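Peer 1: 3D, please:
(one chain, ligands or ions: 2)
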Amino acid sequence: MASHIVGYPRMGPKRELKFALESFWDGKSSAEDLEKVAAGLRASIWKQMSDVGIKYIPSNTFSYYDQVLDTTAMLGAVPPRYSWTGGEIGFSTFFSMARGNASVPAMEMTKWFDTNYHFIVPELGPDVNFSYASHKAVNEYKEAKAQGVDTVPVLVGPVSYLLLSKPAKGVEKTFHLLSLLDKILPIYKEVIAELKAAGASWIQFDEPTLVMDLESHQLEAFTKAYADLQSALSGVEVLVETYFADIPAAAFKTLTSLSGVSGFGFDLVRGTQTLDLIKGGFPTGKYLFAGVVDGRNIWANDLDASLSTLQSLESIVGKDKLVVSTSCSLLHTAVDLVNEPKLDQEIKSWLAFAAQKVVEVNALAKALTGHKDEAYFSANATAQASRKSSPRVNNEAVQKAAAALKGSDHRRATDVSSRLDAQQKKLNLPILPTTTIGSFPQTVELRRVRREYKAKKISEEDYDKAIKEEINKVVKLQEELDIDVLVHGEPERNDMVEYFGEQLSGFAFTANGWVQSYGSRCVKPPIIYGDVSRPNPMTVYWSSAAQSMTKRPMKGMLTGPVTILNWSFVRNDQPRSETCYQIALAIKDEVEDLEKAGITVIQIDEAALREGLPLRKSEHAFYLDWAVHSFRITNVGVQDTTQIHTHMCYSNFNDIIQSIINMDADVITIENSRSDEKLLSVFREGVKYGAGIGPGVYDIHSPRIPSTDEIADRINKMLAVLETNILWVNPDCGLKTRKYGEVKPALENMVSAAKILRTKLGSA
Ligand code: GLN
Ligand code: ZN
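Peer 2: Ligands and ions are numbered 1, 2, ... in the order given. A predicted model of the protein is given here:
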């Protein structure tokens, strides 16, 4: 019985790679320094896995930026704007593609399936001259071998690579990307030949697109590609790995019929129906790589349950053909629990990060061969039992309240247009009211104050004073700028999820539980381990203080339940929807307390609502239903005169616009200008939107200051498709990452543009 790991985090247990990369990019260290750190990380990962006893240890899952970009480099598919002239692709070309350089922008980045990892999208077309231009896969295989570790080199599979790419600029949008298979397969064959020559006995091709809703011609591309590679692959065992969801029956059939492939990998954590497909028929003599250890979460495996799943598979595929594996690459989980000395011991016993998951995989494989580590299994069973029954996990009142919400509907009693009328009587806003999204620049000084307060280096009093001064400064600035609906600037918040998680029960925080988001950027998601409740008001103090500083309406600022859920490591012992409902109830309490404190406009950010959309279309409706319901629960209890805003950071809306309308917010502010005003096309196509809406009038991701004319132009474009009386004027997103030198003139121009148009519309 063997063990296998699909892939491993690259950043290092303390984000060593991040710091090495950033120092290199800043010109503070040399390429050799960077390579040394990277080689050290790879060596320690290989050693760790081989010490544990893993049989199939991956190589080439390391990357200086992204594995899809590595593949682009391998294929020599460098877009012409980077002026690459051939030869082995080095750091300069590689990082220019990843991050842009002084003269050319970076390649586009997009989400890797439904993870929070982002990959660099290949730009392809009929004129790309593919050539073997990065020997990274072979070099890493040899590097491990020199250290005495015979690894399984991992390549992004050729079909998934093409399915994840986009037509380059100037290439027809309808260009058939899969037509490039014939051009890239010869390069794959060169790589395979070199890997074989170097001694590789297995090669892993990651083809995660197989779990998506593919059309039959796309499935045929797999058959064609692997048939074409078959002779090149003779003499080596081939694993085709899938992950992230159930595999559809048609894809399962295609996959398991591929010629020249010896093993298939499946995500059996998310793929519960996949298990049935396997039980319904698995090709004899082939290896099954059974992904039973979750690569997407931080929970310790339920080893007894996994063992019984594996035993049932053993009888189908045969003892020597079953390989215990992870559900996907461990890239999507935190690195090592060893670096969490401050984490509560009981909670810690429930967790497993990447390093611990490697041990779990191996222990399961050993148990199957009759070498069960009884002490290890029984400690695991004890931890599982304590997690189930712990009073810190279970809060009966919360469970009951959340359960009562399911299947029912919650909606404000009055329809949105009557509510808007009632609110307008109270707020008395001009047409095209101006506002911002919430945060104002977070200065070095502000970060220092928060850090020192947290470390108890400054007193509660001093902290309070510093934050109030900051709020006052932001309020005065907005009054000077003559903005209509103000914000307090969020100076007390480090992060829009962490701030709430820290005040809710059921959340834990790690010191080093980082997960790569893109390039050198990592996120540290909170861990939701128990039933969520709100012991005390979370924002009322600061919002009331801010409101007392001005006569203008001050927005109360909250993060919505769906966003808190989607940006955390969530419980795996109950459905996501249930956890979401619990958070919704906590936010509901907060909304009502804000209202009681005299806050009349409350914004509930749902920045990550779209991100949580399941991979498969058949699951969209169910997700959107409970997600939107959760949002409505938060504000179902307010009066008609209380205005509920929401905010979203993307405008890729066309497919979910009905759900957005169904959220029934009074006003929505949305990112718009960064994505070429794609959003407006929804309304051009005739979707009726009756609530207030503020498509962003300028991009806050760039330091550029937009002119009044430019902003007025944008607003005019919006007025062409939206009613005058529902349009709001605001930036794309929060101003947290900008400097005051940029924010002041940009907002000044925004307000001028709104005023010019008000005058025009008033006299028309
Ligand atoms: N209110 C938050 C802010 O302005 C919203 C951030 C976001 O949408 N990501 O910072
Ligand atoms: Zn935003």
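Peer 1: C-alpha from now on. contacts and neighbour counts both.
Peer 2: Fine.
Peer 1: shaky segments in the chain?
Peer 2: Within the chain, the stretches with pLDDT under 70 are 651, 675-676, 764.
Peer 1: near ligand 1, which residues of it?
Peer 2: Contacts of the chain with ligand 1, taken as CA under 6 Å from any ligand atom, map to I437, G438, S439, A607, M648, C649, C733, G734, K736.
Peer 1: I figured the second one hits T737, correct?
Peer 2: Going back to what we said before, that points to G438. No - the pair G438 and T737 does not pass the contact test of CA atoms under 8 Å, sitting 12.0 Å apart.
Peer 1: for the two, indicate the residue with more neighbours.
Peer 2: More crowded of G438 and T737, by other CA atoms under 10 Å: G438, with 22 against 15.
Peer 1: and that one, what does it touch?
Peer 2: For G438, the contact set (CA atoms under 8 Å, 6 or more residues apart in numbering) comprises V487, H488, G489, E490, M557, C733, G734, L735.
Peer 1: show the buried residues in those residues.
Peer 2: The neighbour-count test (16 or more other CA atoms under 10 Å) applied to the contacts of G438 identifies V487, H488, G489, E490, M557, C733, G734, L735 as buried.
Peer 1: got the contact list for R552?
Peer 2: Contact partners of R552, counting by CA under 8 Å, 6+ apart, are D484, V485, L486.
Peer 1: how many neighbours does the second one have?
Peer 2: I take that to be V485. 18.
Peer 1: for it, give its distance to ligand 2.
Peer 2: Going from V485 to ligand 2 by CA to the ion, to the nearest Å gives 17 Å.
Peer 1: what about the contacts of G438, which are in strands?
Peer 2: Among those, the members falling in strands (DSSP state E) are M557.
Peer 1: and the most centrally placed residue in the chain, how close does it get to ligand 1?
Peer 2: Residue closest to the mean C-alpha point of the chain, counted by CA atoms, centre = their mean, is N116 at 1.9 Å. Between N116 and ligand 1 the computed distance is 14 Å (CA to the nearest ligand atom, to the nearest Å).
Peer 1: how much space between that residue and ligand 2?
Peer 2: From N116 over to ligand 2 (counting by CA to the ion), the distance is 16 Å.
Peer 1: does that residue touch S517 like I think?
Peer 2: Yes - using CA under 8 Å, N116 is in contact with S517, at 5.7 Å.
Peer 1: how far does stretch 265-275 sit from the chain's center?
Peer 2: Distance, stretch centre to chain centre, for stretch 265-275: 21 Å (CA atoms, centre = their mean, to the nearest Å).
Peer 1: try stretch 708-728
Peer 2: 32 Å.
Peer 1: what's that stretch in contact with?
Peer 2: Contacts of stretch 708-728 (CA under 8 Å, 6+ apart): 431-435, 669, 680, 683-684, 689-695, 697-698, 729, 749-750, 752-754, 756-757.
Peer 1: one more pass at 6 Å, please.
Peer 2: Contact with stretch 708-728 is made by L432, P433, R684, G692, I693, G694, V697, N749, A753, as judged by CA atoms under 6 Å, 6 or more residues apart in numbering.
Peer 1: compute the first-to-last residue distance for that stretch.
Peer 2: 16 Å (CA to CA, to the nearest Å).
Peer 1: what residues of that stretch count as buried?
Peer 2: Neighbour-count burial for stretch 708-728 [16+ other CA under 10 Å]: T708, I711, A712, R714, I715, M718, V721, L722, T724, I726, L727, W728.
Peer 1: of all of the stretch 151-300 of the chain, which residue lies closest to ligand 2?
Peer 2: Residue nearest to ligand 2 within the stretch 151-300 of the chain: R296 (24.9 Å; CA to the ion).
Peer 1: count of residues packed around that residue?
Peer 2: Neighbours of R296 using other CA under 10 Å come to 23.
Peer 1: what's the answer for P706, then?
Peer 2: By other CA under 10 Å, neighbour count at P706 equals 20.
Peer 1: what strand or helix carries the spatially closest residue to it that is not a sequence neighbour?
Peer 2: Computed as CA to CA, 6 or more residues apart in numbering, the closest residue to P706 that is not its neighbour in sequence is A746, at 6.0 Å. Assessed by DSSP states H and E, A746 sits inside helix 740-763.
Peer 1: list the helices and strands that helix packs on?
Peer 2: Packing partners of helix 740-763 (3 or more CA pairs under 6 Å, 6 or more residues apart in numbering; DSSP states H and E): helix 708-719.
Peer 1: the helix it packs on vs helix 740-763, what angle?
Peer 2: 50 degrees (axes from the mean of the first three to the mean of the last three CA atoms, to 10 degrees).
Peer 1: so which bits of the stretch 651-764 of the chain are right by ligand 2?
Peer 2: By the rule CA under 5 Å from the ion, the part of the stretch 651-764 of the chain lying against ligand 2 is C733.
Peer 1: looking at the stretch 651-764 of the chain, which residue is nearest ligand 1?
Peer 2: G734 (3.0 Å; CA to the nearest ligand atom).
Peer 1: show me what contacts that residue?
Peer 2: I437, G438, S439.
Peer 1: now V211
Peer 2: A245, I247.
Peer 1: do G271 as well
Peer 2: Counting by CA under 6 Å, 6+ apart, G271 touches A245, D246.
Peer 1: from R610, how far off is it?
Peer 2: Taken as CA to CA, the span from G271 to R610 is 22 Å.
Peer 1: please apply the same query to F205.
Peer 2: F205 is 29 Å from R610, by CA to CA.
Peer 1: which bits of the protein sit near ligand 2?
Peer 2: C649, C733.
Peer 1: for the helix or strand encompassing G506, name the packing helices and strands.
Peer 2: Using DSSP H and E, G506 falls within strand 505-508. Counting contacts by 3+ CA pairs under 6 Å, 6+ apart, strand 505-508 is packed against strand 527-533.
Peer 1: quick one: name whatever helix or strand follows the strand it packs on.
Peer 2: Downstream of strand 527-533 (by DSSP H and E), the next one is helix 540-548.
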